[in-house]
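Enquirer: Compute the structure for the input listed below.
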Amino acid sequence: MAAPAWISEWSPRAHGLLRIVSGYLFLLHGTSKLFKMPHVPMFDNLQLVSLMGLAGVLELVGGVLLVIGLFTRPVAFILSGEMAVAYFMAHASQGHVLIPFMNHGESAVLFCFVFLFFAAAGAGAWSVDAARQRAHP
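Expert: Next up is the predicted model:
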């Protein structure tokens, strides 16, 4: 059975909304690490030239680019890789590799696969990428 017309009409918008919300949530990790907003005590002595500092830069810049939908595919691919590395370095090393709930890695896994989706599917609606594509068909 075919989906109702309104679902097909709203699908690119839902896709775009998922990108915007995911990018916003992700950039908050970067602002927390780099600007202490929101404040997370664990990041108080974070060095910019460190693995965690690099992650903060990727999260901030990548998150902003995802929110506006610019260079979505390559940015999402890089961020998906960052989250895979984060999961295996920070969470899986605590044990329970196949049970992210037990090692507090659910958000890393979810971000990884959401970003992998955007790397494959693009930005969706309400994006600079879509506007650029309309301007240069």
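Enquirer: And for this protein, the residue most distant from the center?
Expert: Ranked by distance from the centre of the chain (CA atoms, centre = their mean), the top residue is M1, with 33.2 Å.
Enquirer: which ones are touching it?
Expert: By CB atoms under 8 Å, 6 or more residues apart in numbering, M1 lies in contact with nothing. All C-beta atoms are positioned from the backbone trio N, CA, C, and that covers glycine.
Enquirer: ditto for L25
Expert: Contacts of L25 by CB under 8 Å, 6+ apart are G63.
Enquirer: Can we start the residue count at 600 from this point?
Expert: Done: numbering now begins at 600, and the last item shifts to L624.
Enquirer: Remind me which helix or strand it belongs to.
Expert: helix 604-634 (DSSP states H and E).
Enquirer: F625: what's its closest spatial neighbour, skipping adjacent residues?
Expert: Nearest residue to F625, sequence neighbours excluded (CB to CB, 6 or more residues apart in numbering): G662, at 4.1 Å.
Enquirer: Now the closest residue to G704 other than its chain neighbours, what are its backbone angles?
Expert: With CB to CB, 6+ apart as the criterion, G704 has its nearest non-adjacent residue at 3.1 Å, and that residue is H690. Main-chain torsions, H690, degrees, to the nearest 10: phi -110, psi -50.
Enquirer: Am I right that H690 is in contact with H703?
Expert: Yes: the criterion here is CB atoms under 8 Å, and H690 meets it with H703 at 6.1 Å.
Enquirer: Just give me the neighbour total for the closest residue in space to S621 that isn't next to it in sequence.
Expert: Leaving aside its sequence neighbours, S621 sits nearest to V713 (CB to CB, 6+ apart; 5.2 Å). Using other CB atoms under 10 Å, V713 has 22 other residues around it.
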